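K.L.:
Quick check, what structure comes out for this input:
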Amino acid sequence: MTTDFEELIAINFIAHGKTEGGELTFRFEEALIAIRLCSKNTIAVLGIEIFEVHAGQLVWKSLSTYDQQMKKGPIQKQEWAAYVAKNSTLAEEFALSNPFGDGYVYVLTTASWRELVNAYERLTP
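P.N.:
Model prediction:
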């Protein structure tokens, strides 16, 4: 399934590649741009994973934990913009504190309001 994040043309343009599972990967500078694009498009960056590219394989290096600072997710749509803004700030802080260069890629876990609502609907009988 294509996510709202992946639907953004600019995101696909700056992506470095994809994981075996099809997730977009970004180099450091492009990851920062992707976070800002998510914010502009009200898409929350829920987490970031960093991988070292070694012999064509992705080797896990680091995982953000800023999601644990978020007390709860938004309940109503009017809370979404503030939630996105907070996540974007924390995502950018994490990336800036982990500035890996060549040979590393960043994978962003994201969600739009529509995707969040759809996930809740699938979980609710």
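
K.L.:
Could you identify the longest strand within this structure?
P.N.:
In the chain, ranked by residue count with DSSP state E as the criterion, the top strand is strand 43-54.

K.L.:
Tell me where this structure is predicted with low confidence.
P.N.:
Scanning the chain with the threshold set as pLDDT under 70 gives 1.

K.L.:
Recalculate using a threshold of 80.
P.N.:
1-2, 70-73, 124-125 (pLDDT under 80).

K.L.:
Tell me, how many residues neighbour the residue lying closest to residue 15 once chain neighbours are set aside?
P.N.:
Among residues not flanking residue 15 along the chain, residue 24 sits closest, at 4.2 Å (Cβ to Cβ, 6 or more residues apart in numbering). C-beta: built from backbone N, CA, C; applies to glycine. By the criterion of other Cβ atoms under 10 Å, residue 24 has 22 neighbours.

K.L.:
ditto for residue 103
P.N.:
Every residue meeting other Cβ under 10 Å relative to residue 103 is counted, giving 10.

K.L.:
check contacts around it.
P.N.:
Neighbour list for residue 103: 52-54 [criterion: Cβ atoms under 8 Å, 6 or more residues apart in numbering].

K.L.:
Just grab the bridge partners of residue 51 for me.
P.N.:
Each beta-bridge partner of residue 51 is listed here: residue 60, residue 105, as defined by DSSP bridges.

K.L.:
okay, now it: neighbour count?
P.N.:
19.

K.L.:
In this structure it contacts residue 27, no?
P.N.:
No - counting by Cβ atoms under 8 Å, residue 51 sits too far from residue 27 to count as a contact (11.3 Å).

K.L.:
Which residue ranges of the chain form strands?
P.N.:
Going by DSSP E, the chain shows strands at 17-18, 24-25, 43-54, 57-63, 104-112.
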